[in-house]
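Q: Sequence below, structure please.
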Amino acid sequence: MSESAERTPLSELLAGFTATESGHRVQIPADWLQGRAVYGGLSAALALHSAHGALDALPPLRSVQLTFIGPAGSDVELRPVLDRRGKSTAFVSVDIVSGGRLAVRAALCFGAARDSRLAAGGPLAPAVSGPETSDPFFRRGVDGRHLGPNFAQHFNSRHAAGGLPMSGADAADFTVWLQHKDTTMADSLVGLVALADALPPAAMASFVEPAPISTMTWMFDLLTGDPRTDDGWWLCRSTADATRDGYSSQAMTIWNRAGEPVVAGRQNVAIFY
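A: Predicted coordinates for the structure are as follows:
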């Protein structure tokens, strides 16, 4: 069976949403799992898609906070709740439930643009080669199949700078070009959110052998109300600021192909190494 035959495009997965009394239900195929749980970026994308499906005329997404409480299996229920809607903002909570248990709690903040005398750029993009001249980040075995986690097969990846997983690097840092293989997701906000967590925790650059990891919390801000890029490529960087006591705190930034910052975030990861 070919890799493409084993892959469920994100657009197809989202089309499988069914309405329930409290929100939505969707079946998650194995190719979107990370270990025994739904991949974190997909969890955020599902929460956003459910919020848009349940609530009308939401302003642009500005910020997301997620707490990963337990593993979400293949049968997922999403329960969006409008916490508050003001003149320009809306706050939405989305609980992701699996097997009758709360797996992920998401808090989404939406906000319309307003006139302001302030306008400052975000972090500058690192000077790296484009994806056309860079090697794949998620490596392949001799049979051509991905060696990374299941969900990674949904993305094209190019190693731009920094280390590689389990390379024993001194600096815990990854910089990678990422692109959805599902071309309908090229300029989709849900697609960007699904891609935003695709890199392994940056601390894994310092690993010399496999070891379990688990994301505890993840938050990110959208730096523009309409993020777009050329050819679907986004430049993603994760840097571990501190790793001790079995936890790693990392910063995450995404730029578009023109070098404009579009996402800034932080993540706390449990490290079993």
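Q: Double-check that residue 71 belongs to a strand.
A: No - counting by DSSP: H, G, I helix; E, B strand; the rest coil, residue 71 is not part of a strand but coil.
Q: which residue sits farthest out from the middle of the chain?
A: Relative to the C-alpha centroid of the chain, counting by Cα atoms, centre = their mean, residue 117 is the outermost residue, at 31.7 Å.
Q: hang on, that one in a helix?
A: No - looking at residue 117 with three-state DSSP, it is coil, so not inside a helix.
Q: State the mean pLDDT of the longest helix anywhere in the chain.
A: Criterion DSSP state H: the longest helix present in the chain is helix 40-54. Here helix 40-54 scores 97 as its mean pLDDT.
Q: The chain should start at 48 in everything you say after this.
A: All set: I'll call the first residue 48, so the last point we hit is now helix 87-101.
Q: Run the chain-centre distance for it.
A: Remark: helix 87-101 is offset 11 Å from the chain centroid, using Cα atoms, centre = their mean, to the nearest Å.
Q: hmm, who's touching it?
A: Helix 87-101 is contacted by residues 57, 61, 64, 66, 70-71, 73, 75, 79, 81, 85, 105, 108, 111, 113, 115, 119, 123, 125, 127, 139, 141, 143, 150-151, 153, 155, 198, 236-238, 240-245, 262, 265 when judged by Cβ atoms under 8 Å, 6 or more residues apart in numbering. (Each C-beta comes from the backbone N, C-alpha and C, glycine too.)
Q: in this structure, which spans are strands?
A: Here the chain has its strands, by DSSP state E, at 65-66, 71-74, 80-81, 84-85, 108-115, 122-132, 136-145, 148-158, 202-209, 220-227, 260-269, 281-291, 294-302, 308-318.
Q: The fourth one pairs with which strands, and in what direction?
A: Put plainly, it is strand 84-85. Sheet pairing of strand 84-85 (DSSP bridges) gives strand 80-81 (antiparallel).
Q: Could you check the pLDDT of residue 53?
A: You'll see residue 53 listed with a pLDDT of 80.
Q: so what's residue 308 up against?
A: 168-172, 270, 300-302.
Q: Compute the distance between it and residue 112, please.
A: Residue 308 sits 19 Å away from residue 112, going by Cβ to Cβ, to the nearest Å.
Q: just to revisit the earlier point, any chance of the strands of the chain in TSV, plus distance to residue 176?
A: Formatted as TSV, the strands of the chain follow (distance: least, Cβ to Cβ, whole Å):
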stretch	distance to residue 176
strand 65-66	44
strand 71-74	38
strand 80-81	28
strand 84-85	33
strand 108-115	30
strand 122-132	38
strand 136-145	38
strand 148-158	35
strand 202-209	7
strand 220-227	9
strand 260-269	26
strand 281-291	11
strand 294-302	14
strand 308-318	19
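Q: Looking at these, spot the one closest to residue 186.
A: Distance to residue 186, taken as Cβ to Cβ, is lowest for strand 202-209 among the strands of the chain, at 9.3 Å.
Q: The closest one: which residues count as buried?
A: If you call a residue buried by 16 or more other Cβ atoms under 10 Å, then strand 202-209 has these buried ones: 202, 204-207, 209.
Q: got a pLDDT number for the residue farthest from the centre of the chain?
A: We have a pLDDT of 93 for residue 164.
Q: just residue 269 next, same as before
A: We have a pLDDT of 98 for residue 269.
Q: Could you export the contacts of residue 308 as TSV, including neighbour count and distance to residue 213?
A: Output for those, formatted as TSV (neighbours: other Cβ atoms under 10 Å; distance: Cβ to Cβ, whole Å):
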residue	neighbour count	distance to residue 213
168	8	35
169	15	31
170	12	27
171	10	29
172	19	26
270	18	31
300	22	23
301	26	23
302	25	26
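Q: which one among those residues gets closest to residue 232?
A: So of those, ranked by how close each gets to residue 232 (Cβ to Cβ), first place is residue 301, at 14.4 Å.
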